[in-house]
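> Sequence unavailable; structure follows:
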């Protein structure tokens, strides 16, 4: 590919830890890649797995999901529920052959501005080398388009 | 109508010739699950021959399960570019339909091409030639002879083939059929009328439409509808497998900047089908929904379009997880 | 068979049961669900290894629930479904009597939830060999091969929702698929939408599905959707312990947690 591909990364983060951590990275003037779009949730326990799929549907090439460390959840146990949900969801994606390595799960606390910046940089590099997630967006073929793509129709 | 013969061994040559000429050939293909589906093929070798009926009908060729009606895109001048691809529909041959399927296309024609013809259906149908095979075997789900058809019926077909030992009897019914035959006319010889009887399956006849047309007038109030629908748990399998079910939904997908409008299959059996935005649902129970399905096929289609919209293919019975039986139900509500 | 018919007639006659759900043969010799309300009809009942439908799905139907006292002719997978449903506090308005045939071919009548639990635990089914074979085969494939497999399979899906309709665990009165504000799942059968639907369903069934396999068996398009939940169940049993459809107390793996849950995939 001649032009450099810039991945779109969507980050689902919890308000109390990771969002604050990202804020800290900002106030500390830490530079990091600009490919990320942050979506703020009250807690990682609120993140529905369907939202991740929807993000990919709508053009995301990679996803970051991040929240408070275990035992530090503002709502006591939201991140424990999230952890279990992510484990099950990741297993399912792996079984379906979906590239679950396009999703990065992490714990980033409000004090870890540096960790946030590193996380975004690493994820962006990794997704950039994987390329755009066309595999998923080209799933939709009607009978006609399929025929066209198979070179049968003109 | 033209009558021709072609040897069984030349059939493969004919079909491969159509493919080489750039036509899309959609034919029954055996999948790993053991079921047979209509799919585009690359050679005659892929075509399944030893089966009674495909799982789904071939209506997808003219009425796809998902159809992109148009795409829209805001342009630099601030206007909207709207594109459809009605002019890019390929020449298609549907090979290996059954007479019931062809009768299904006949109904689809009547339904979609009324005073304001459906442009999308028409564009596909005009480019499609239907080649049907008579049935030499059937199973307990087949009941075409109860709905004004039979295993050697030519209704709806462009060409009807009947296997007769080492050759096929070819009934060319329409101009489209003629054009197809003439693409390799050397393979065909003319013949007089031959009798197909000995080579056709003999499905059981459960009733005649003449009797049903009268009896069904009072069927709406029958108490049998509840029992007829007890086994139904409102999926859409019967409607989607059916060659004549035409209900569809239209959805817009996209953003303010660009997107598309799609048409997709819908089913009156699904519980939300008639739900109003107020929350009221006039067909709130399965009893009412099943009654609607059967009354539509056996009464309302007859009144509106002059033809029963059930073709007796039996797919609904086969795909239904509880094997709800449409002809048994019709008999019980018209008793 | 005769024993079953006699017992069914008895239960209907003496009022233990107002409606009996079982199997009978239709005119085409297919085994189909039947719903009988009088003792006289009991002689149509049939039950053998070929009776695969999970009849517990009908227990959610209004026309069935209205009868309150219900008899259910069931194989052990169906009984396991009922146990799971009872552990989820469903079916509380119903008085259920179960008729089944054990490994030795004897008729067994279960009249209470406790008897049901004991029977299911004593006869707990294992994963069907053909399903295990498919799971092993899929797990041995590379990620790209699995993606190609499921992409191929899911492009055939027509979104008839038969898999959802036959599943006793799918009893939500408003399903995610029916939500259109926002439109979570596309209504049309585009492959991406099909993928979303089946992923959503597998997640909502993870830790609840009892592996009757009906969803995959009845799929009109021949897609082995039951493998998705079968795989999830095996992984969840391994990770979190506990079996679905095992006990009245239940316990849903997805709404609990343990401090030691796996997190080696989290940075």
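Perfect, I can see it now. As the structure is a prediction and not an experimental result, all values here were calculated from the model.

> what about whichever strand or helix holds residue B:38, average pLDDT?
Following DSSP states H and E, one finds residue B:38 within strand B:36-41. Confidence for strand B:36-41, expressed as mean pLDDT, is 94.

> is stretch C:230-241 anywhere near chain A?
Yes: counting by CB under 8 Å from any CB of the partner chain, chain A is contacted by stretch C:230-241 at C:231, C:232, C:235, C:236, C:239, C:240. In short, each C-beta sits where N, CA and C put it, glycine included.

> Nearest to chain B among those?
residue C:231 (18.4 Å; CB to the nearest CB).

> Excluding sequence neighbours, find me the nearest residue to the closest one.
residue A:95 (4.9 Å; CB to CB, 6 or more residues apart in numbering or on different chains).

> How about the secondary structure of the one you found?
helix (DSSP: H, G, I helix; E, B strand; the rest coil).

> ok, now which ones touch residue B:301?
By CB atoms under 8 Å, 6 or more residues apart in numbering or on different chains, the contact set of residue B:301 is B:107, B:307, B:308, B:309.

> Turn those into JSON lines, including pLDDT.
Listed next are those as JSON lines, based on pLDDT from 0 to 100:
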{"residue": "B:107", "pLDDT": "95"}
{"residue": "B:307", "pLDDT": "92"}
{"residue": "B:308", "pLDDT": "94"}
{"residue": "B:309", "pLDDT": "94"}
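
> Give me the neighbour count for the nearest residue to residue B:184 once chain neighbours are set aside.
Distances taken as CB to CB, 6+ apart put residue B:17 closest to residue B:184, at 4.9 Å, once the chain neighbours are dropped. Counted with other CB atoms under 10 Å in any protein chain shown, the neighbours of residue B:17 add up to 15.

> Can you read off the pLDDT for residue B:17?
Predicted confidence (pLDDT) for residue B:17: 94.

> Ok, residue A:142 next?
46.

> Break down chain C into its helices, ranges please.
Secondary structure of chain C (DSSP state H): helices at C:2-13, C:62-65, C:76-87, C:113-122, C:129-140, C:143-154, C:162-166, C:191-205, C:214-218, C:226-240.

> To residue B:249, which of those lies closest?
Nearest to residue B:249, of all these, is helix C:191-205, at 12.5 Å by CB to CB.

> now check the closest one, is it near chain A?
Yes: using CB under 8 Å from any CB, helix C:191-205 reaches chain A at C:191, C:192, C:193, C:195, C:196, C:199, C:200, C:202, C:203.

> Quickly find the element holding residue B:73.
Here residue B:73 is assigned to strand B:66-74, by DSSP H and E.

> and if you look at residue B:49?
Applying DSSP H and E as the criterion places residue B:49 outside every helix and strand.

> For it, which residues are in contact?
By CB under 8 Å, 6+ apart, residue B:49 has no neighbours at all.

> Would you mind measuring from the residue nearest to residue C:231 to chain B?
Separation of residue A:95 from chain B (CB to the nearest CB, to the nearest Å): 19 Å.

> Please report the distance of that residue from residue C:139.
Distance, residue A:95 to residue C:139, by CB to CB, to the nearest Å: 8 Å.

> Same question for residue A:80.
Applying CB to CB to residue A:80 and residue C:139 gives a distance of 28 Å.

> who does the strand holding residue B:73 pair up with?
Strand pairing for strand B:66-74, determined by DSSP bridges: strand B:80-83 (antiparallel), strand B:258-265 (antiparallel).

> Need the contact partners of that strand.
With CB under 8 Å, 6+ apart as the contact definition, strand B:66-74 has outside contacts at A:140, A:142, A:145, B:80-85, B:120, B:250, B:254, B:256-264, C:188-190.

> and it, how far out from the chain's middle?
A distance of 25 Å separates the centroid of the chain from that of strand B:66-74, by CA atoms, centre = their mean, to the nearest Å.

> quick one, what contacts the closest residue to residue B:238 other than its chain neighbours?
Of all residues not flanking residue B:238 in the chain, residue B:316 sits nearest, at 3.7 Å (CB to CB, 6+ apart). Each residue near residue B:316 by CB under 8 Å, 6+ apart is listed here: B:237, B:238, B:241, B:242, B:324, B:326.

> Now for the fifth one, how many residues are close by?
Same thing as residue B:324. Using other CB under 10 Å, residue B:324 has 23 other residues around it.

> Secondary structure class of it, three-state.
Residue B:324 ends up coil, using three-state DSSP.

> Quick check: it touching residue B:231?
Yes: judged on CB atoms under 8 Å, residue B:324 makes contact with residue B:231 at a distance of 5.3 Å.

> any residues in contact with both of those two?
residue C:32.

> follow-up on the earlier one: let me see the contact set for the residue nearest to residue C:231.
Residue A:95 sits next to C:138, C:139, C:146, C:228, C:231, C:232 when contact means CB under 8 Å, 6+ apart.

> Pull out the buried residues from those.
Buried residues within the contacts of residue A:95, counting neighbours by 16 or more other CB atoms under 10 Å in any protein chain shown: C:138, C:146, C:228, C:231, C:232.

> Excluding chain neighbours, give the residue nearest to the residue nearest the centre of chain B in space.
Compute the mean C-alpha point of chain B, and by CA atoms, centre = their mean the closest residue is residue B:243, 2.6 Å away. Nearest in space to residue B:243, with sequence neighbours left out and distances taken as CB to CB, 6+ apart, is residue B:104 at 2.9 Å.

> ok, residues contacting the strand holding residue B:38?
A:143, A:146-147, A:150, A:152, B:19, B:24-31, B:47-48, B:51, B:53-58, B:60-61, B:94, B:96, C:156, C:221.
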